[in-house]
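**Student:** take a look and give me a structure for this.
(one chain, ligands or ions: 2)
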Amino acid sequence: MLTSICGINWGDEGKGRMVDLLSEKFDIVCRYQGGNNAGHTVINDKGRFILNLLPSGILREEVVNVMGPGMVIDIKHLCGEIAKLREAGIKISPKNLKISDKAIITMPYNVLQDVMEEDRLTRATGKPYGSTRRGIAPVYADKYMKKAFRMGELLNLELLYKRLPDIVDWKNLTIKAYGFEPVTVAEMKEYFETYGKPLADYVCDVGIYLNEANKAGKNIMFEAQLGALRDIDFGIVPYTSSSSTIAAYAPIGAGVPNLKLNNSIGIMKAYSSCVGAGPFTCEYFGEQAEKLRSLGGEYGAATGRPRRVGPFDVVASRYGIRCQGADEIALTKLDVLSDYEEIEICTHYTLDGKVIDEFPFTDVLDECKPVFEKVKGWNCDISKCRKPSDLPKAALDYIKLLEKLCDCKIKYVSVGAERDAYIEM
Ligand code: GDP
Ligand code: MG
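**Tutor:** Ligands and ions are numbered 1, 2, ... in the order given. Sure, this is the predicted structure:
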């Protein structure tokens with residue numbers, strides 16, 4: 001059984017906590033795209049964890065975790081993440097963590113490039129892309145230029161070091177053009193020695209492992225980072241990530257292009273949030289925004305940046321559900337809306353007086369205005385509810401309305417950040 005868990009919106013929907021919850025039913029959890037640019041927050045009996053690179057299944061002892069070839073891995077960051085979890089008593093070994101030999105290594109100069117370019121954009125246009133400055137776009141560019149290093153090369157550093165000087169020369173052409181100090185071969189060697197060597201034991205052909213596991217009837221989950229609207233092809237380009245965040249990419253990015261998904265679970269938030277720049281049609285401003293942001297604790301897990309917030313966006317969510325091919329939805333953070341007498345929903349957009357209800361191309365999106373409609377709130381604490389019948393009628397009505405507007409079944413509803421704070425509908 002192959003299941004993907006993907007974001008329907010702009011990311012930060014609560015994927016980490018849903019994967020942590022649902023991973024109980026899975027033997028294997030795979031990350032298949034992205035790098036340490038996003039953060040999953042997981043709160044369970046062992047503590048509060050922010051995972052940037054490691055699959056969320058790492059917090060369950062019986063689960064095997066796979067980092068697929070679609071990922072870009074900052075090896076320094078990964079070493080740090082592993083060390084932090086070990087301090088908290090989490091066991092990590094090649095038995096429960098397998099890293100694809102084909103996964104790409106994010107280099108320190110990729111991080112530098114990201115910073116140089118965001119700063120240049122800010123100076124030149126006043127409009128940076130809102131990058132997390134962790135080198136993700138530059139390292140994916142290197143991958144497609146075929147100039148990147150792959151995790152499998154850590155198993156034969158002598159060969160890698162033969163390739164290194166020319167790549168450093170090539171990269172320095174760019175770095176010097178930005179007016180920065182060139183990087184050196186010695187620094188890059190040290191990066192591989194310090195942070196690459198300790199990871200070599202985890203590196204393998206994860207495709208062989210996953211195919212065998214699948215044949216043996218194991219349940220495999222693919223965990224995405226970010227959401228549909230951040231996908232490099234289908235998202236709000238250029239304010240997207242540089243990877244494929246959609247479910248259809250999961251088997252490829254995990255190392256098993258021969259396998260097909262059985263189920264796609266979409267994680268959708270009961271309201272909207274968007275970190276960084278770009279069109280965000282349903283956005284709240286001023287006091288309205290501050291209230292929702294503080295109720296939802298909407299500050300970036302990876303960066304601490306305050307997130308932009310707004311009500312539930314039907315147009316964007318329906319598009320997200322389509323992109324993810326979602327068979328069912330986990331609706332998260334419903335408890336955050338408990339303080340409202342009336343809850344707004346962005347039901348559609350308008351453009352020059354015309355109704356827009358299909359998510360438009362980015363340029364058009366910029367011009368769209370949101371239309372909000374009000375529904376009755378429940379205005380009481382629902383964080384202790386554990387079954388549908390515990391929920392007040394207005395909350396049930398809100399869930400049913402979203403189901404109808406988005407034309408997709410809502411199977412889970414979360415009402416708190418803790419592992420057990422959810423309802424199966
Ligand atoms: P991800 O990137 O999709 O994994 O989501 P993040 O971890 O960036 O953001 C989700 C945030 O909401 C985290 O701080 C979670 O602890 C928190 N959270 C998740 N589910 C719930 C919920 O049902 N209710 C509340 N109040 N918080 C939640
Ligand atoms: Mg996040």
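
**Student:** which bits of the stretch 301-425 of the chain sit near ligand 2?
**Tutor:** For the stretch 301-425 of the chain, the residues found near ligand 2 under the criterion C-beta under 5 Å from the ion are residue 301. (C-beta placed from N, C-alpha, C; glycine too.)

**Student:** which residue, other than its chain neighbours, is closest to the closest residue to ligand 2 within the stretch 1-150 of the chain?
**Tutor:** Evaluated by C-beta to the ion, the stretch 1-150 of the chain has residue 12 as its residue closest to ligand 2, separated by 4.0 Å. In space, and not counting its chain neighbours, residue 12 is closest to residue 273: 5.6 Å by C-beta to C-beta, 6 or more residues apart in numbering.

**Student:** same question for residue 35.
**Tutor:** If you skip the residues right next to it in sequence, residue 35 has residue 72 as its closest partner in space, 4.1 Å away by C-beta to C-beta, 6+ apart.

**Student:** how about the one you found, what does it touch?
**Tutor:** Taking C-beta atoms under 8 Å, 6 or more residues apart in numbering as the contact definition, residue 72 lies against 34, 35, 103, 104, 105, 106, 135, 136, 139, 140, 143, 243.

**Student:** same check, this time on residue 403
**Tutor:** If you count contacts by C-beta under 8 Å, 6+ apart, residue 403 has them with 329, 409, 410.

**Student:** I'd guess it is in a helix, am I close?
**Tutor:** Yes: the assignment for residue 403 by DSSP: H, G, I helix; E, B strand; the rest coil puts it in a helix.

**Student:** and the contacts of residue 72, which is closest to residue 221?
**Tutor:** Nearest to residue 221 among the contacts of residue 72 is residue 34, at 15.9 Å by C-beta to C-beta.

**Student:** what ranges do the helices span in the protein?
**Tutor:** With DSSP state H, the ranges of helices along the chain come out as 15-22, 75-87, 108-125, 136-145, 157-177, 185-191, 206-215, 250-254, 286-296, 314-324, 362-365, 393-406.

**Student:** poorly predicted segments of the stretch 201-350 of the chain, please.
**Tutor:** Scanning the stretch 201-350 of the chain for pLDDT under 70 picks out 302.

**Student:** and it, which residues reach ligand 1?
**Tutor:** Applying C-beta under 6 Å from any ligand atom, one finds that the stretch 201-350 of the chain approaches ligand 1 through 297, 301, 332, 333, 335, 336.

**Student:** can you name the two of the residues you listed that are farthest apart?
**Tutor:** The distance between the two most remote of these (C-beta to C-beta) is 18.3 Å, for 301 and 335.

**Student:** hang on, the residue of the stretch 1-150 of the chain closest to ligand 2 packs against residue 307?
**Tutor:** Yes: using C-beta atoms under 8 Å, residue 12 is in contact with residue 307, at 6.6 Å.

**Student:** who touches both of those two?
**Tutor:** Common contacts of residue 12 and residue 307, defined by C-beta under 8 Å, 6+ apart, comprise 273, 275, 298, 300.

**Student:** if we can go back for a sec, make a markdown table out of the contacts of residue 72 and add distance to residue 51.
**Tutor:** Written out in a markdown table, the entries for the contacts of residue 72 read as follows (distance: C-beta to C-beta, whole Å):
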| residue | distance to residue 51 |
| --- | --- |
| 34 | 12 |
| 35 | 12 |
| 103 | 16 |
| 104 | 19 |
| 105 | 19 |
| 106 | 16 |
| 135 | 18 |
| 136 | 16 |
| 139 | 19 |
| 140 | 20 |
| 143 | 23 |
| 243 | 17 |
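
**Student:** could I get the residues you listed in a markdown table, plus columns for neighbour count?
**Tutor:** Below are the contacts of residue 72 laid out as a markdown table (neighbours: other C-beta atoms under 10 Å):
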| residue | neighbour count |
| --- | --- |
| 34 | 25 |
| 35 | 29 |
| 103 | 25 |
| 104 | 21 |
| 105 | 27 |
| 106 | 30 |
| 135 | 26 |
| 136 | 24 |
| 139 | 26 |
| 140 | 23 |
| 143 | 18 |
| 243 | 26 |
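
**Student:** could you point out the longest strand in the chain?
**Tutor:** strand 342-351 (DSSP state E).

**Student:** which one of the shared contacts of residue 12 and residue 307 is nearest residue 345?
**Tutor:** Scanning the shared contacts of residue 12 and residue 307 for proximity to residue 345, where the rule is C-beta to C-beta, the winner is residue 273, at 15.1 Å.

**Student:** can you count the residues close to that closest one?
**Tutor:** Neighbours of residue 273 under the rule other C-beta atoms under 10 Å: 24.

**Student:** ok, residue 327 next?
**Tutor:** Here the count is done by other C-beta under 10 Å, and residue 327 has 18 residues near it.

**Student:** tell me the contacts of it?
**Tutor:** Residues 263, 264, 265, 409 are the ones in contact with residue 327 under the rule C-beta under 8 Å, 6+ apart.

**Student:** dump those residues to CSV, plus neighbour count.
**Tutor:** Compiled in CSV, the contacts of residue 327 are given as follows (neighbours: other C-beta under 10 Å):
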residue, neighbour count
263, 15
264, 21
265, 24
409, 11
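
**Student:** hang on, the earlier thing: rank the helices of the chain by pLDDT, which is bottom?
**Tutor:** Lowest mean pLDDT within those: helix 15-22, at a mean of 88.

**Student:** nearest to ligand 2: which residue in the stretch 251-400 of the chain?
**Tutor:** Closest to ligand 2 within the stretch 251-400 of the chain is residue 301: 4.7 Å, counting by C-beta to the ion.

**Student:** my read: that residue touches residue 50, true?
**Tutor:** Yes: the pair residue 301 and residue 50 qualifies as a contact (C-beta under 8 Å) at a distance of 5.1 Å.

**Student:** which of the two has more neighbours?
**Tutor:** Neighbours of residue 301 and residue 50, each counted by other C-beta under 10 Å, are more numerous for residue 301; the result is 20 against 13.
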